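Visitor: sequence and computational prediction follow.
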Amino acid sequence: MGEQSRFISGDKAPNSGVYIEVGETGSNVEEPQQIEMEAGEKFPKPENQDRVWVNKRDLSKPGVQGRQQ
């Protein structure tokens, strides 16, 4: 089973790094908040209740649909 990749307010960061707001469905957000967190710190509330936090480095990885066969 994989590690959780979307986080809500109050969740603890599994790894140190930069986290960014995205929509619940993974959609981009205009002017998203970016925060630098250490492992174990709790996520703050996003600016909009319909947003979640994701690790910024994960945004550059292609999803299943983007993989080459």
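Guide: Received, thanks. Just so it is clear, the structure is predicted and the values come from calculations on it, not from any experiment.
Visitor: could you list the buried residues of the longest strand along the chain?
Guide: Assignment by DSSP state E gives strand 17-23 as the longest strand of the chain. With burial defined by 16 or more other C-beta atoms under 10 Å, the residues of strand 17-23 counted as buried are 19-22. (Each C-beta comes from the backbone N, C-alpha and C, glycine too.)
Visitor: for the residue most central in space within the chain, give its distance to Pro44.
Guide: The residue lying closest to the centre of the chain (C-alpha atoms, centre = their mean) is Val54, at 0.6 Å. Going from Val54 to Pro44 by C-beta to C-beta, to the nearest Å gives 14 Å.
Visitor: pairing partners for the helix or strand that the longest strand of the chain is followed by, with directions?
Guide: Using DSSP states H and E, the next helix or strand after strand 17-23 towards the C-terminus is strand 34-37. Neighbouring strands of strand 34-37 in its sheet, by DSSP bridges, are strand 17-23 (antiparallel).
Visitor: pLDDT of the partner strand, averaged?
Guide: When pLDDT is averaged along strand 17-23, the result is 93.
Visitor: got the contact list for it?
Guide: Applying C-beta atoms under 8 Å, 6 or more residues apart in numbering, the contact partners of strand 17-23 are 6-7, 13, 28-29, 32-37, 43, 46-48, 50-57, 59.
Visitor: now those: which count as buried?
Guide: Buried members of these, counted by 16+ other C-beta under 10 Å: 7, 13, 32, 35, 37, 43, 46, 51-56.
Visitor: on the three-state scheme, Asp58 is what?
Guide: helix (DSSP: H, G, I helix; E, B strand; the rest coil).
Visitor: in contact with it, which residues?
Guide: Ser5.
Visitor: that older thread, I'd say the residue nearest to the centre of the chain and Ser5 touch.
Guide: Yes - using C-beta atoms under 8 Å, Val54 is in contact with Ser5, at 6.1 Å.
Visitor: now stretch 52-69: mean pLDDT?
Guide: Regarding stretch 52-69, the rounded mean pLDDT is 69.
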